[in-house]
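# Sequence first, then the predicted structure:
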Amino acid sequence: MDEEQRARRWFLAVWAIVTVVKVAIAARLPLFVDEAFYWQEGRHLAAAYSDLPGLTAWLTRLGTELGGHHVLAVRAPFLLMAALLPWLVARSAAHWFGAAIGWQAALLVVLMPLSGTLGLLALPDVPMALATVLCADAGARLLRDVDAMSATELALGLMLGALSHYRFVGVIGVGLLALLWLPEGRKVLRDARVWVALAVGVLAWAPLLAWNLEYADAGLRFQLLDRHPWAFHGDGFRFLLVQAAMATPLLFWAMLVVCRRGIRGDAQAGTAWRYFALLGAVSTLGFFVLGFFADNERVSFHWPLPGYLALLVVVPLLLREWSPAWRRATWGVAAIGALLMLGYYVAVSSPGLRAQIAGSKYYPENFAGWDALAEEVQAMRATLPEETVLVADNFKTGAELGFALDDADIAVLDHPLNHKHGRAPQLQLWGLQHDGSRDTPLLLVVGATDVKFSALLAHYQQLCRVVGPLPPARVVNIDHGARRFLLFALPAEQGQGDCITPVVANIDVPQAGVRVERRFNVGGWAVKDGVGVSKVELLLDGRVVAEATYGGANEWLRSFLKDASRDPRMPNVQFTARVDAGDVPAGRYWLGLRVTGGDGSVETWAEQPVDIQ
């Protein structure tokens, strides 16, 4: 009884604190790109979409209908589901292993970073996790006795999962394998009530199947074929390391031990123990193998979560076999992991902290800069004719601007990102894919940092082919240019003439973040198709500190830009300068460029940090 009360108090205290912290973060954290697109889907209600079944979009719509147009309202249904999840795990574990184990399993769900941060973002993994726990609990109850209540719980979980994500098919397959593995499970599958529940779950896939039948299997092809290389790659080892970090190392090891015992059929384990262990083992190990062959470009570290949730039901039993020191270490490391993960989201939600890590690989570009961009867009729209149409160059910018401006119908150009993320069919279906032709003025918003740097010039040239010659751009540099947007005011009639692109430039010396003397050399290059570059100025924290000598040869640049540059001075586009920082205090400063084109246009380039001694 003392152990149960202590476990309950710990869970209630940690669950309450984490839930309050998550709500506070979710109210300040800018929308992630995928969240913005799900919001946009929610504003175009349908039974299913090109990237997902309908539930995620429906939940975002429900949140904003009840809570208004706010990021917290978008996330509110997901926060509620995530808050409910550990209670369901506690209920399931307690049913089989006692109340103390139930509260401990629930506390592990809250502390493990991968599950503890669920709900902060409005993503399909939240309802899918809830569906997984419902199905796992229902399966365990059916092993003891097939009754209407357990079959109903199974049907509810299967329906919820089918409406959440394509990946839930894997959860269903794992559940069937676990039941077939166990003699008691094979007996369960001979009961008609179980097959009625399975039939209800199958029917829930009907909207998604109907969508794919109508649109040439576009969603299925993306999820199963287009996004995956289906060839061996070494990133699978990195995937395993990320899993150890996201689950915390000791807890990760404990789950692997549970997997091993479940597969071996440990004689000391009862039927329920083996059932949950098999669920987790087949799912988790399957995703570990998949990590060597599947998509390694998009975020995938959350894929094994359903298996972890099943394993956490059993892990407290395993921890009882460990020494007190190892048990304390496991709980302590998990708590530290939860604090670090929540701290990361606090940092991401802080504009000041985002600016400090600009230019580093840790910069959260998909969260950053959307409000500032929206303000610039609104300011520029105020100077343009009333009939000017707003167009974004890719789905990310269109969805995020749409949320910031409360406009879910911003047209988007055809862009590789739309296809890479499976959103192009949906944009076409909504009639929001713009072909660049026009009979009214356009305000085109281009995400310069959404394109690989070596392909940026080719992207600008492609824009010229789609919308015609580009006028001088209004540059929006966010967080020292870590996020960079260009705003083009295009006339009603598409003009003719040469393509004059925005500047593409780089500082080669000094490298970002290095220590420099007060007087230091700067070298780099700058190109501008059509008219070339007439002047390059060096800026330190926005202040001009030197004018560069421009015109040195750079033959290497031809291959880097894939011979795409039409700068009239190519390859003589190198610049050098000597910067005298004067008597500024020692510390970190931001080194940037101001480039003047041959047509008189002036463009401020992204900055990079230097530490002046």
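That came through, no problem.

# Run through the residues that contact the residue nearest to residue 417 when sequence neighbours are not counted.
Closest residue in space to residue 417, ignoring its immediate chain neighbours: residue 394 at 4.5 Å, by CB to CB, 6 or more residues apart in numbering. C-beta coordinates here come from the backbone N, C-alpha and C atoms, glycine included. By CB atoms under 8 Å, 6 or more residues apart in numbering, the residues touching residue 394 are 412-413, 415, 417-418, 447, 450.

# can you tell me which of the residues you listed are in helices?
417-418 (DSSP state H).

# out of the contacts of residue 394, who's nearest residue 207?
Taking CB to CB as the measure, residue 418 is the one of the contacts of residue 394 closest to residue 207, at 22.7 Å.

# Just give me the neighbour total for that closest one.
Around residue 418 there are 22 other residues, counting by other CB atoms under 10 Å.

# Look at it and report its pLDDT.
Residue 418 is assigned a predicted lDDT (pLDDT) of 93.

# Quick check: the gap between it and residue 588.
37 Å (CB to CB, to the nearest Å).

# Excluding residues flanking it in the chain, which one is nearest residue 327?
Closest to residue 327 by CB to CB, 6+ apart is residue 319, at 5.2 Å.

# show me what contacts that neighbour?
104, 254, 327, 330.

# so what pLDDT did the third one get?
This means residue 327. On the pLDDT scale, residue 327 gets 95.

# any idea how far it lies from residue 243?
Residue 327 is 22 Å from residue 243, by CB to CB.

# Which one of these two is surrounded by more residues?
Ranked by neighbour count (other CB under 10 Å), residue 327 and residue 243 place residue 243 first, with 21 against 16.

# contacting residues around that one?
Shown in contact with residue 243 (CB under 8 Å, 6+ apart): 252, 288, 301, 304.

# Against which helices or strands is the strand or helix carrying residue 485 packed?
Assigned by DSSP states H and E, residue 485 belongs to strand 483-490. The helices and strands touching strand 483-490, judged by 3 or more CB pairs under 8 Å, 6 or more residues apart in numbering; DSSP states H and E, are helix 370-381, strand 442-447, strand 474-478.

# neighbouring contacts of it?
Outside strand 483-490, the residues that touch it by CB under 8 Å, 6+ apart are 365, 368-369, 373, 376-377, 380, 384, 388, 397, 438, 441-449, 467-468, 470-471, 473-478, 502, 606.

# mind listing what's buried in the helix or strand following it?
Going down the chain from strand 483-490, the next helix or strand is strand 504-509, by DSSP H and E. Neighbour-count burial for strand 504-509, counted by 16 or more other CB atoms under 10 Å, picks out 504-507.

# What count of nearby residues applies to the closest residue to residue 51 other than its chain neighbours?
Nearest non-adjacent residue to residue 51, counting by CB to CB, 6+ apart: residue 422, 4.6 Å away. By other CB under 10 Å, 21 other residues sit near residue 422.

# Figure out the helix or strand that residue 422 lives in.
Counting by DSSP H and E, residue 422 is found in no helix or strand.

# picking up where we left off before, would you turn the buried residues of strand 504-509 into CSV with distance to residue 165 and pLDDT?
What follows is these, written out as CSV (distance: CB to CB, whole Å; pLDDT from 0 to 100):
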residue, distance to residue 165, pLDDT
504, 39, 96
505, 42, 96
506, 40, 95
507, 43, 96
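
# Just flag the most distant two among these.
Distance extremes for the buried residues of strand 504-509: the farthest pair is 504 and 507 at 12.5 Å, using CB to CB.

# if we can go back for a sec, most neighbours among the contacts of residue 243, which one is it?
That'd be residue 304 among the contacts of residue 243, by other CB under 10 Å, with 25 neighbours.

# how about that one, what does it touch?
By CB under 8 Å, 6+ apart, residue 304 lies in contact with 243, 283-284, 287-288.

# Farthest pair within the residues you listed?
Pairwise distances across these peak at 12.4 Å for 243 and 283 (criterion: CB to CB).

# Show me this protein divided up by domain.
2-220+228-347, 370-490, 504-612 (automatic domain parsing).

# and those as CSV, adding distance to residue 360?
Formatted as CSV, these follow (distance: least, CB to CB, whole Å):
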stretch, distance to residue 360
domain 2-220+228-347, 12
domain 370-490, 9
domain 504-612, 8
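
# Quick one, which of these gets closest to residue 355.
Of all these, domain 370-490 sits nearest to residue 355, with 4.6 Å by CB to CB.

# burial of residue 230, as a residue count?
Count around residue 230 with other CB under 10 Å applied: 9.

# next one: residue 609
Counted with other CB under 10 Å, the neighbours of residue 609 add up to 17.

# Now do it against residue 511, distance only.
10 Å.

# sorry, back to before: ok, so what distance separates the residue nearest to residue 417 from residue 423?
9 Å.

# if we can go back for a sec, what is the orientation angle of the strand holding residue 485 with strand 442-447?
Orientation check (axes from the mean of the first three to the mean of the last three CA atoms, to 10 degrees): strand 483-490 against strand 442-447 gives 160 degrees.

# pLDDT of strand 483-490, averaged?
Strand 483-490 comes out at a mean pLDDT of 96.

# neighbouring strands for that strand, and are they parallel or not?
Paired strands of strand 483-490, with direction, are strand 442-447 (antiparallel), strand 474-478 (antiparallel) (DSSP bridges).

# Do a quick rundown of the helices in the stretch 51-200 of the chain.
Applying DSSP state H, counting those that start in this stretch to the stretch 51-200 of the chain gives helices spanning 55-67, 71-97, 99-111, 113-116, 125-144, 148-162, 168-181, 183-188, 192-203.

# Show residues contacting the shortest one.
By CB under 8 Å, 6+ apart, the list of residues contacting helix 113-116 from outside reads 18, 85, 109-110, 129, 245-248, 301-302, 305, 308-309, 312, 337-338, 340-342.

# at 7 Å what do you get?
Contacting residues not belonging to helix 113-116 are listed as 18, 109-110, 246-248, 302, 305, 308-309, 337-338, 341 [CB atoms under 7 Å, 6 or more residues apart in numbering].

# Below-threshold pLDDT in this protein: ranges please.
For the chain, the stretches with pLDDT under 70 are 1, 266-269, 296-299.

# Go through it and flag its longest strand.
The strand that spans the most residues within the chain, counting by DSSP state E, is strand 587-597.

# Now that strand: buried residues?
Result for strand 587-597 [16+ other CB under 10 Å]: buried residues 589-597.

# wait, which of those is closest to residue 180?
Distance to residue 180 across those (CB to CB) is lowest for residue 590, with 60.9 Å.

# Need phi/psi at the spatially closest residue to residue 536 that is not a sequence neighbour.
Distance criterion CB to CB, 6+ apart; nearest residue to residue 536, sequence neighbours excluded, is residue 548 at 4.2 Å. Phi and psi for residue 548, reported as degrees, to the nearest 10, are phi -80, psi 150.

# Kindly report the same for residue 396.
Dihedral pair for residue 396: phi -60, psi -50, per degrees, to the nearest 10.
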